[in-house]
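Novice: got a structure for you, letters missing:
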DNA sequence: ACCTTTCCCATAAATACCCATGGACTTTTC
DNA sequence: GAAAAGTCCATGGGTATTTATGGGAAAGGT
């Protein structure tokens, strides 16, 4: 099972390239294609990123819905069509499309945050302030976690 | 398994030609015929497009209905009879028939939206406004999906 | 013969590929 | 134990390839 841990901040060069952290690349090595599938949530200021196979598993869930149902159409549009497979080049870098740069307000640096089976990409400053916003929820979230585990 | 991801906007020239996005062509490479099977949604302003083999499999579902049932006849008319295989030329382009141009209100640009095992073709502006209409359903659709996945 | 459709080639821009550098950290050597 | 050598990684820049797209030539239909 893929597990992305830790966080890293790398520079975005003038061609729009960023190095994917080496430890994340190692984690992706046994996926069938060396791409990360990135998508911007419609209502959050960061990018989601999956290994190819792991994203496909997610997509399979959508494909199982009735092919032309309204639900499936919407999920297809907001997730499948919104996603983009970004190939990792020989030097371990991806090119972040202009559209995503805008969504996550990236400028010179990109922050990669491990989230277990996926990771997220942030403007470093946005991430810092998010951490502050998270703080008040910490205790109550922890409780939710242990409750879940005990089931 | 075919999986179309991401979305791309390409121009329609005065001969009615549009480039099929390269990543979609790559996805179609292992189909037995290099055509995309297109039909217009009867009640919505866009076109459905499938790889040849995948459309056949989809059509099997219709063929399985009782041969002379009303349902089967209607689906036969709105999907099988309405569908049209469009060959992909040597440069990776298709010619969009006049009839489809009307149905999807295409003029100078066509938007290709990956939907998993098929993709849809839109007027870019129509698509944008559709995304806006989708937004309110996003959270609830996601929940339905994960509920489905956990089964 | 004319109009339409298909095929073929040309070009510019975007993308992918290749190699080089410098820094941090490890390992080896004396 | 300190210096030297080696490794891995992020990053910069140049070059080759691919892609979208325009136009013209050939082929087909009426």
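Specialist: Now that the structure is in, tell me what you want to look at. Since the structure is predicted, the reported quantities are computational estimates derived from the model, not experimental observations.

Novice: How about the residues of chain A by chain B?
Specialist: Residues of chain A lying near chain B by CB under 8 Å from any CB of the partner chain: A:37, A:42-43, A:56, A:59, A:61-65, A:67-68, A:71-78, A:80-85. Backbone N, C-alpha and C define where each C-beta goes, glycine included.

Novice: Filter those residues down to just the ones in helices.
Specialist: A:56, A:59, A:61-63, A:71-75 (DSSP state H).

Novice: Okay, and the beta partners of residue A:85?
Specialist: Using DSSP bridges, the bridge partners assigned to residue A:85 are residue A:37.

Novice: How about the contacts made by it?
Specialist: Residues near residue A:85 by CB atoms under 8 Å, 6 or more residues apart in numbering or on different chains: A:33, A:35-38, A:52, B:5-6, B:23.

Novice: Close to DNA strand C: what parts of chain A are there?
Specialist: The interface of chain A toward DNA strand C, taken as CB under 7 Å from any atom of the strand, is made up of A:87, A:89-91, A:95, A:97.

Novice: In CSV: these, plus distance to DNA strand D, neighbour count and pLDDT.
Specialist: Shown next, in CSV, are the residues of chain A next to DNA strand C (distance: CB to the nearest atom of the strand, whole Å; neighbours: other CB atoms under 10 Å in any protein chain shown; pLDDT from 0 to 100):
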residue, distance to DNA strand D, neighbour count, pLDDT
A:87, 11, 13, 97
A:89, 8, 13, 96
A:90, 9, 6, 94
A:91, 4, 8, 95
A:95, 11, 15, 97
A:97, 13, 14, 96
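
Novice: among these, which are in strands?
Specialist: Cross-referencing these against strands under DSSP state E gives A:87, A:95.

Novice: In the residues of chain A next to DNA strand C, find the pair that's most separated.
Specialist: Spatial extent of the residues of chain A next to DNA strand C (CB to CB) is set by the pair A:90 and A:97 at 19.5 Å.

Novice: show me what contacts residue A:43?
Specialist: Residue A:43 neighbours (CB under 8 Å, 6+ apart): B:135, B:138.

Novice: Make a ChimeraX selection of the buried ones in the contacts of residue A:85.
Specialist: In ChimeraX syntax, the buried subset of the contacts of residue A:85 is picked out as below (16 or more other CB atoms under 10 Å in any protein chain shown):
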select /A:35,36,37,38,52 /B:5,6,23
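
Novice: Which single one of the contacts of residue A:85 is nearest to DNA strand D?
Specialist: Relative to DNA strand D, the closest of the contacts of residue A:85 is residue B:23; by CB to the nearest atom of the strand it sits at 7.3 Å.

Novice: Extract the residue ranges of chain A that are flagged as low pLDDT.
Specialist: A:147-151 (pLDDT under 70).

Novice: could you pull out the strands for it?
Specialist: Going by DSSP E, chain A shows strands at A:7-11, A:17-19, A:35-40, A:47-51, A:84-87, A:93-95, A:109-114, A:119-122.

Novice: okay if I get those strands as CSV plus distance to residue B:136?
Specialist: Converted to CSV, the strands of chain A look like this (distance: least, CB to CB, whole Å):
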stretch, distance to residue B:136
strand A:7-11, 33
strand A:17-19, 33
strand A:35-40, 18
strand A:47-51, 21
strand A:84-87, 24
strand A:93-95, 32
strand A:109-114, 28
strand A:119-122, 24
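
Novice: how about those strands, which one is nearest residue B:15?
Specialist: strand A:84-87 (29.4 Å).

Novice: next one: the closest one to chain centre, how far?
Specialist: On the basis of CA atoms, centre = their mean, to the nearest Å, strand A:84-87 sits 12 Å off its chain's mean C-alpha point.

Novice: go on, stretch A:18-27?
Specialist: Distance, centroid of stretch A:18-27 to centroid of chain: 13 Å (CA atoms, centre = their mean).
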